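> Below are the sequence and a predicted model; questions follow.
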Amino acid sequence: VEKVRTEFQKAPHVVCLSGPYIYHDLPRARQFFVKLYWLFLGMPTYFLVGYMVVGGNFAIRRNTLEKMNGFDTSIEFYGEDTNIARRASKFGKVKFSLALTMPTSGRRLSEQGFLKTGYIYVANFISEVLLKKPAHRDYTDIR
């Protein structure tokens, strides 16, 4: 929380902050591949597109959320984070930082499959950026 507060205070033009997940319960080899994903695919994509948000690890200024009329509640799961980032970027900088990590469970990656999950997230990111809508509507609730 303190990192987020400091970032917002020192950069008033930043309207949204996000960072990657760290999957604490995945085997070390899988954790390593996730780090490679963020370094060699995620960050270059962020610099190219100009925005990126991970849905379970972001903070957005209240006034920005109000200006963008809140969340798009028609999106149930895939693509909602990219939708937020794309719409918020119209009001200022959406900053994605590898230093703003969030520990979480890797159960979706384990149960749905490592490569399949990666493909679905990438496809929905691209679809939301280019077509302004997610590529997938259906998702499996994994608890």
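Ah, there it is. Numbering: from 1, shown residues only.
> so where do the strands sit in the protein?
Ranges of strands in the chain, per DSSP state E, are 14-18, 21-23, 58-60, 93-96, 102-104.
> Can you tell me the strand partners of the fourth one and which way each runs?
The strands that strand 93-96 pairs with in its sheet are strand 14-18 (parallel) (by DSSP bridges).
> who's in contact with the strand it pairs with?
4, 7-8, 51-54, 57-61, 64, 81, 84-85, 88-89, 91-97, 100 (C-beta atoms under 8 Å, 6 or more residues apart in numbering). For every residue, glycine as well, the C-beta is placed using N, CA and C.
> what's the offset of that strand from the middle of its chain?
Put simply, strand 14-18 sits 11 Å off its chain's centre (C-alpha atoms, centre = their mean, to the nearest Å).
> just how off-centre is the longest helix seen in the chain within its chain?
Counting residues, the longest helix found in the chain (DSSP state H) is helix 114-131. From the chain centre to the centre of helix 114-131 is a distance of 11 Å (C-alpha atoms, centre = their mean).
> re the thing from before, which among the contacts of strand 14-18 count as buried?
Among the contacts of strand 14-18, those buried by neighbour count (16 or more other C-beta atoms under 10 Å) are 7-8, 51-54, 57-61, 64, 81, 84-85, 88-89, 91-92, 94-96, 100.
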